[in-house]
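Asks: model the following, please.
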Amino acid sequence: MTDFADDTEYTADVSINHVADSAQSVSELIDAINAVLTREFREVWVYGEVGKVSQPSSGHVYFDLVEDNDGEKHVISVKLWRGVRQRLMPKMKQHDMDVVSGIKVRIRGTPDVYGSTGQFGFKMSDIDPRFTLGDLAAQRDEIIARLKNEGLYDRNRRTTLPLVPISIGVVTSKGSAAHADFMKTLEESGIGFTITLCDVRVQGDGAAEQVAAAITLLDGQLNVELVAVIRGGGSRTDLATFDNEAVARAISVCSKPVFTGIGHDIDKSIADEVAYSWNKTPTACAVAIVEKVNDFVRQVDTAAQRIATVVLAALANSERRVANAVGRLRTLRTTALEAATSRIKLLASEIAGFDPVVLMRRGWSITYSSEGKVIKSVKHAKLGDDVTTRVADGAIVSTVVVTTPSGTNE
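Replies: Sure thing, here's the model as predicted:
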């Protein structure tokens, strides 16, 4: 009779012994997987969008490479070791780019499993800058085309610039070199600018959203007359925030003029293209604002000078007219006085002819009654009255003995 129990136990022991002989430790398994990955996927190219980027003090760079497939995200954790990064820097600088959040990249490397965490990742060894720059150019062209189709491309340039824009809203990273240069230029102008600052990130995760929100916020501030968007220099990928469609739209629909001062001399960002005024640097942006105010001051000075010239000319003309009038008055006064003097002399001569003294010298006389009244008629002389007759050289007293009216024979 066969003992099946003993056979089963023997088989189980053999199986267990076989598993024990073939089992691997965690590190051995990871090493085996990495060996397969290295053999089958060594130096493969992969592309996607850069997600979260971390740059610790070690000099290494860690970032997520993301693909959005119909709303489902697929992510690989990428490791860019310091030595590899230093080797790739000349190539990236030549093409004015860097690894920053939001850009699309095509990179080469080898997948692996990191032993300490068991996390699957990708060790980067190379990058294709042309892929990134081509994608950025394509995105840029698409965004500009959409803005033009919607009538937003030049909308901000049609806003009205105040005559004296001294209340400025500033969008930048507080304490940055760009912020310091901008403020220094305004302060040195001697103009009393009022500044409202929105402190934002100007690159990296969430930077575009923060910049767009700050522009919209300042647009709603009644005390803000002009919005300045500034940042320092950097690579094309560093400045990708200002090629973002959300930023471009915020500038386009802003009801106040937007001045940009983004530190790059070669290419204009989309933000520059849709802004009221594009300036190469933060300092140049501040200078442009100062010049707008100084233009108004110069216009006022010129107008004041013109007014002063007109007033002085009018005063000089009035003085000449008054002097001429005075001269004419003096001439008229002399002529009038001479004419009056001649007339007076003539009248005096005529009046002198009627002077009683003159007439008495000619033989005329005047007879007075005893009451001293001039006797003008024989009717006023009574017989027996004493009368006095005045002649040129004295008086004759006589008594009326007879009166003879005119027309009688007596």
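Asks: alpha carbons only for contacts and neighbour counts from here, please
Replies: Noted.
Asks: show me what the longest helix anywhere in the chain is packed up against.
Replies: Looking across the chain with DSSP state H, the single longest helix is helix 282-352. Helix 282-352 is packed against helix 177-188, strand 226-231, strand 258-262, strand 277-279, with contacts defined by 3 or more Cα pairs under 8 Å, 6 or more residues apart in numbering; DSSP states H and E.
Asks: let's have those in CSV, adding distance to residue 50, mean neighbour count and mean pLDDT.
Replies: Supplementary listing: the helices and strands packed on helix 282-352 in CSV, determined by distance: least, Cα to Cα, whole Å; neighbours: other Cα atoms under 10 Å; pLDDT from 0 to 100:
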stretch, distance to residue 50, mean neighbour count, mean pLDDT
helix 177-188, 26, 17, 95
strand 226-231, 22, 26, 96
strand 258-262, 23, 28, 95
strand 277-279, 29, 20, 94
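Asks: just the pLDDT for residue 406.
Replies: With respect to pLDDT, residue 406 has a value of 75.
Asks: which of the three states applies to it?
Replies: Three-state assignment for residue 406 (DSSP: H, G, I helix; E, B strand; the rest coil): coil.
Asks: same question, residue 64
Replies: The three-state label for residue 64, taken from three-state DSSP, comes out as strand.
Asks: ok, now the one 10 residues further on?
Replies: State at residue 74, reduced to three classes by three-state DSSP: strand.
Asks: please renumber the chain so that the first residue is 47 from this point on.
Replies: Right, with 47 as the first residue, what we last looked at is residue 120.
Asks: isn't there a strand covering residue 217?
Replies: Yes - going by three-state DSSP, the assignment for residue 217 places it inside a strand.
Asks: mind listing what the residue nearest the centre of the chain touches?
Replies: For the chain, the residue sitting closest to the mean C-alpha position, by Cα atoms, centre = their mean, is residue 211 at 3.4 Å. Contacts for residue 211 were tallied using Cα atoms under 8 Å, 6 or more residues apart in numbering; they are 271, 272, 335, 338, 339.
Asks: rerun that using 10 Å as the cut-off
Replies: Listed by Cα atoms under 10 Å, 6 or more residues apart in numbering, the contact set of residue 211 reads 239, 240, 270, 271, 272, 273, 303, 335, 336, 338, 339, 342.
Asks: out of these, who's nearest residue 117?
Replies: Here the nearest of these to residue 117, counting by Cα to Cα, is residue 273; it sits at 35.9 Å.
Asks: domain ranges for this structure?
Replies: Residue ranges of the domains in the chain are recorded as 67-173, 184-341, 402-445, according to automatic domain parsing.
Asks: what's the most buried one of the ones you listed?
Replies: For the domains of the chain, average neighbour numbers computed from mean count of other Cα atoms under 10 Å are highest in domain 184-341, which has a mean of 19.
Asks: what distance separates the start and the end of that domain?
Replies: This stretch, domain 184-341, spans 40 Å end to end (Cα to Cα, to the nearest Å).
Asks: next one: stretch 300-314 to chain centre, how far?
Replies: Offset of stretch 300-314 from its chain centre (Cα atoms, centre = their mean, to the nearest Å): 14 Å.
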